[in-house]
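Chemist: I'll drop the sequence and a predicted model, then ask my questions.
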Amino acid sequence: MYFIDFFAYIIFQILQIYKYSVIFYVIISMLVSFNVVNINNRIISIIMDFLFRLIEPLLKVIRNIIPNFGAIDISPVILIIIIEAFQYIMTKYGL
């Protein structure tokens, strides 16, 4: 029983880190697009590449499902809502 609780706790924390990574990815990409942060900076380039490889596959799936709203990309918001829903289900039903 304790192993299942520990496993559920680890999954919950991984989802929490992933949710914050999505938020950080959106903020960094907005700063890059407004030329506040230079993408030629080595550290920023490494961080953006890592976050792109981590987050973009799920965002791509969501973008294929939802309709295009022009210049507004709501796929990160949808992804955060899905993560929150999984966390709520885990908390509510004790998984």
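Modeler: Perfect, thanks for sending it.
Chemist: list the contacts for the most centrally placed residue in the chain?
Modeler: Centroid-nearest residue in the chain, with Cα atoms, centre = their mean: V22, separated by 2.8 Å. Contacts of V22 were listed using Cβ atoms under 8 Å, 6 or more residues apart in numbering, and they are 55, 76, 79-80, 83. C-betas here are computed from N, CA, C, even on glycine.
Chemist: Save those residues as a markdown table, and put in secondary structure too.
Modeler: Listed next are those as a markdown table, based on DSSP: H, G, I helix; E, B strand; the rest coil:
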| residue | secondary structure |
| --- | --- |
| I55 | helix |
| P76 | helix |
| L79 | helix |
| I80 | helix |
| I83 | helix |
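Chemist: rewinding a little: pull out the buried positions in whichever strand or helix holds the residue nearest to the centre of the chain.
Modeler: Under the criterion of DSSP states H and E, V22 resides in helix 2-33. Under the neighbour-count criterion of 16 or more other Cβ atoms under 10 Å, helix 2-33 has 15, 19, 22, 25-26, 28-29, 32 buried.
Chemist: related to what we said a few turns ago, with neighbour count and distance to F7 as extra columns, can I get the contacts of V22 in JSON lines?
Modeler: Shown next, in JSON lines, are the contacts of V22 (neighbours: other Cβ atoms under 10 Å; distance: Cβ to Cβ, whole Å):
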{"residue": "I55", "neighbour count": "20", "distance to F7": "24"}
{"residue": "P76", "neighbour count": "17", "distance to F7": "27"}
{"residue": "L79", "neighbour count": "19", "distance to F7": "23"}
{"residue": "I80", "neighbour count": "16", "distance to F7": "23"}
{"residue": "I83", "neighbour count": "17", "distance to F7": "18"}
